[in-house]
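Asks: Here is a sequence together with a model predicted from it:
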Amino acid sequence: MRFLKGHGTENDFVLLPDHDGALGSPSPDLVRALCDRHAGLGADGVIRVVRTTATDDPAAVAAREEAEWFMDYRNSDGSLSEMCGNGVRVLGRYLVTRAGASYDEPLAVATRGGTKLLRFEDGPDGPVTVDMGAPVVGGSTWVALGERRWEARTVSMGNPHAVAFLDAGETLDGLSAPGLPLSPPAYDEGAYPQGVNVELVVDRGESHVALRVHERGSGETRSCGTGACAVMVAAAVRDGRAPGDAPAYAVDVPGGRLEITWVRDADGERVLMTGPAVLVAEGNWLATR
């Protein structure tokens, strides 16, 4: 089985080219084996690359008139996910460098979180900007780690996020023992029956924030594209800024930096995310369990 490995700000993925649907949906066991960092290839998730006409996934079927390609995304635990912001940039890089897609015009990619438009800055190898669509800003909720508890804001980017700004004097490094990942945060399970991505945020300066993220189905990751977008929106709301009036925010993640803008124009409001996408390897999967 052919695979490629890539990352966006060190949020890493195994891509499975299945253009005509011959492979079919990967089983949860296969996804877990591929993502295993000791016995597999190691990744935060698996992206099956398939044409919208070659799968019966309802999201792909609904998008056939507007997108050729579908992002069939699964978390490292094998569970389905609506989409992944870093992953869709990596998928776009694959499509323009390996699958013949054009980088001179916006590229539509169907996902379970809606169709995303990708724009390639500075040619096929430059930064990728993704139109992530309109955020849905919800009300107040809470998250907790051990004895610490914070108020959080609900933001949906096609998948659910709970964004909490740390208290004065708290640091991102202080959220876990040195070198260890975040423990699974507690949250209001009644509000998020399907789970939630939790972002813990500090300010770095004017329109500049940093985060750590615990993703449902994957644990703490080095970056989360939809999470960075949710954090930017939550920060803009906190700062009294509206879509179209908010400046671009620099959002630092452990694996790098993303630039996020919340815009409003004749087509409505939407969030634009710009960041890198890198393909690092390709080969054949031989391991079995």
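Replies: That came through fine.

Asks: wait, Asn11 sits on Pro254?
Replies: No - checked against CB atoms under 8 Å, the pair Asn11 and Pro254 is beyond contact range at 9.5 Å. (Each C-beta comes from the backbone N, C-alpha and C, glycine too.)

Asks: where do the contact lists of those two overlap?
Replies: 222-223 (CB atoms under 8 Å, 6 or more residues apart in numbering).

Asks: Of the two, which one has the most company?
Replies: Counted by other CB atoms under 10 Å, Asn11 and Pro254 do not tie: Asn11 has more neighbours, with 31 against 16.

Asks: how far away is that one from Glu68?
Replies: Distance, Asn11 to Glu68, using CB to CB, to the nearest Å: 24 Å.

Asks: correct me, but Ala191 touches Thr154?
Replies: Yes - at 7.3 Å, Ala191 counts as touching Thr154 under the criterion of CB under 8 Å.

Asks: Helices along the stretch 51-200 of the chain, start to end?
Replies: Ranges of helices within the stretch 51-200 of the chain are 58-62, 85-98, based on DSSP state H, counting those that start in this stretch.

Asks: Convert the first one to CSV, retaining C-alpha atoms only.
Replies: Backbone C-alpha positions of helix 58-62 (Å, rounded to 0.1, in the frame of the first residue of the first chain) are rendered in CSV as follows:
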residue,chain,number,x,y,z
PRO,A,58,-22.2,11.8,2.1
ALA,A,59,-20.0,14.8,2.4
ALA,A,60,-18.1,13.8,-0.8
VAL,A,61,-21.4,13.1,-2.7
ALA,A,62,-22.8,16.5,-1.7
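
Asks: Low-confidence stretches in the stretch 151-289 of the chain?
Replies: Regions of the stretch 151-289 of the chain meeting the criterion pLDDT under 70 cover residues 288-289.

Asks: Do a quick rundown of the strands in it.
Replies: 160-165, 186-187, 197-205, 208-215, 219-221, 249-253, 256-265, 268-275, 278-284 (DSSP state E, counting those that start in this stretch).

Asks: most tightly surrounded among those strands?
Replies: Burial of the strands of the stretch 151-289 of the chain is given as mean neighbour count (mean count of other CB atoms under 10 Å); strand 160-165 ranks first at a mean of 26.
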